[in-house]
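K.L.:
Could you work out the structure for the sequence below:
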Amino acid sequence: MAKGSAAMAAAVVVLVALLCAPAAGELERLEHPAKNDGSLSVLVVGDWGRKGTYNQSRVAEQMGKVGEQLDIDFVISTGDNFYENGLTGTDDQAFEQSFTDIYTAKSLQKPWYLVLGNHDYRGDVLAQLSPVLQKIDSRFICKRSFIVNAEIVDFFFVDTTPFQLKYWTHPKDDHYDWRGVAPREKYLANLLKDLDEAIKKSTATWKIAVGHHTMRSVSDHGDTEELLKLLLPVLQANGVNFYINGHDHCLEHISSKDRLTSI
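P.N.:
Below you'll find the model as predicted:
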């Protein structure tokens, strides 16, 4: 009898998990309501996980001040959340040293929605995606590709590292954690299909894409050809307003005749 009850309980847990999970071929969608007046304020930061060094602590201090002035709703991270090689596991102290212990301002105690960067892929990616980290710090919401609906705007977070062929063919001495991604061609095809369908369904006034790698850039890394060839057409065809990225450690605002702005 006890075995039967246990089996039934396990079946219920599995059923609940299936009902709560996004359907196959759909990006996970998170809801984050705008303010009562319909407005929304966010901070965007990228390439930050330095255990407080390289001016990370100073930037965090200013983020706290600006966050209070703007009464921000949440923070967006464009990836490279932990240098140099991501996290080693869910018990890696770098999580607290680079995140919890740094972003301590009251205004920054809001949800952080994060994508992965190439440096994150050089560590234990599954650890960084694990819900265990949310138990340590509930602000940390990191996924591969997903949607944050904030009523007036849909943010489409895109996992851009697998697009870059050089990470697959010329890793040099760097290790990349492709669990859950390989084979590359199938992963990208499914991601682009799911993204295209998700943007088409969006009824938000603004549609904003977020990724780690540059689409266009006049700085160190330059343009990312794979994104221009594969991702840009999907964003353009569906009227995405602009694309926010990290990777280049500078501030750029690029607009073009093809109507997609890159920040």
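K.L.:
per-residue confidence for residue 173?
P.N.:
If you check residue 173, the pLDDT there is 67.
K.L.:
Equivalent analysis for residue 259, please.
P.N.:
Residue 259 is assigned a pLDDT of 60 by the prediction.
K.L.:
let's number from 37 now, not from 1
P.N.:
Yes, from this point I'll number from 37; that puts the last item at residue 295.
K.L.:
secondary structure element for the closest residue to residue 231 other than its chain neighbours?
P.N.:
In space, and not counting its chain neighbours, residue 231 is closest to residue 270: 5.9 Å by C-beta to C-beta, 6 or more residues apart in numbering. Every C-beta, even on glycine, is put in place using the N, C-alpha and C of the backbone. When elements are assigned from DSSP states H and E, residue 270 belongs to helix 268-273.
K.L.:
I'd like the distance from that helix to the chain centre, please.
P.N.:
19 Å (C-alpha atoms, centre = their mean, to the nearest Å).
K.L.:
Which secondary structure elements does that helix sit against?
P.N.:
helix 220-237 (3 or more C-beta pairs under 8 Å, 6 or more residues apart in numbering; DSSP states H and E).
K.L.:
who's in contact with the helix it packs on?
P.N.:
The contact list for helix 220-237 (C-beta atoms under 8 Å, 6 or more residues apart in numbering) reads 61-63, 65, 181, 183, 190, 192, 194-195, 198-199, 201, 204, 214, 217, 243, 266-267, 270-271, 273-276.
K.L.:
what about 6 Å?
P.N.:
The contact list for helix 220-237 (C-beta atoms under 6 Å, 6 or more residues apart in numbering) reads 61, 63, 181, 183, 198, 204, 217, 270, 274.
K.L.:
Would you give the sheet partners of the next helix or strand after the helix holding residue 270, along with the direction of each?
P.N.:
Counting by DSSP H and E, the next helix or strand C-terminal to helix 268-273 is strand 278-280. Sheet pairing of strand 278-280 (DSSP bridges) gives strand 242-246 (parallel), strand 297-298 (parallel).
K.L.:
Out of the ones you listed, indicate the one that is most buried.
P.N.:
Counting by mean count of other C-beta atoms under 10 Å, strand 242-246 has the highest mean neighbour count of the strands paired with strand 278-280, with a mean of 22.
K.L.:
now the helix or strand just after that one, how far from the centre of its chain.
P.N.:
Downstream of strand 242-246, the next assigned helix or strand under DSSP H and E is helix 261-262. Mean-position distance between helix 261-262 and its chain equals 19 Å (C-alpha atoms, centre = their mean).
K.L.:
Alpha carbons of stretch 260-276, as CSV, please.
P.N.:
C-alpha atoms of stretch 260-276 as CSV (Å, rounded to 0.1, in the frame of the first residue of the first chain):
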residue,chain,number,x,y,z
THR,A,260,29.0,38.8,-35.3
GLU,A,261,28.4,37.3,-38.7
GLU,A,262,26.5,34.3,-37.5
LEU,A,263,24.0,36.6,-35.8
LEU,A,264,23.6,38.8,-38.8
LYS,A,265,23.0,35.8,-41.0
LEU,A,266,20.7,33.7,-38.7
LEU,A,267,19.2,35.9,-35.9
LEU,A,268,18.8,39.3,-37.5
PRO,A,269,16.4,38.2,-40.2
VAL,A,270,14.1,36.7,-37.6
LEU,A,271,14.1,40.0,-35.5
GLN,A,272,13.6,42.2,-38.6
ALA,A,273,10.8,40.1,-40.0
ASN,A,274,8.9,40.4,-36.8
GLY,A,275,9.3,44.1,-36.1
VAL,A,276,11.6,43.8,-33.1
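K.L.:
what's the residue nearest to residue 231 in contact with, if anything?
P.N.:
228, 231, 232.
K.L.:
if I look at it, how far off is residue 243?
P.N.:
Residue 270 sits 11 Å away from residue 243, going by C-beta to C-beta, to the nearest Å.
K.L.:
Now do the same for the nearest residue to residue 189 once chain neighbours are set aside: its pLDDT.
P.N.:
Once flanking residues are discounted, residue 189 sits nearest to residue 242: 4.0 Å by C-beta to C-beta, 6+ apart. Per-residue confidence (pLDDT) for residue 242: 97.
K.L.:
Alright, calling it a day.
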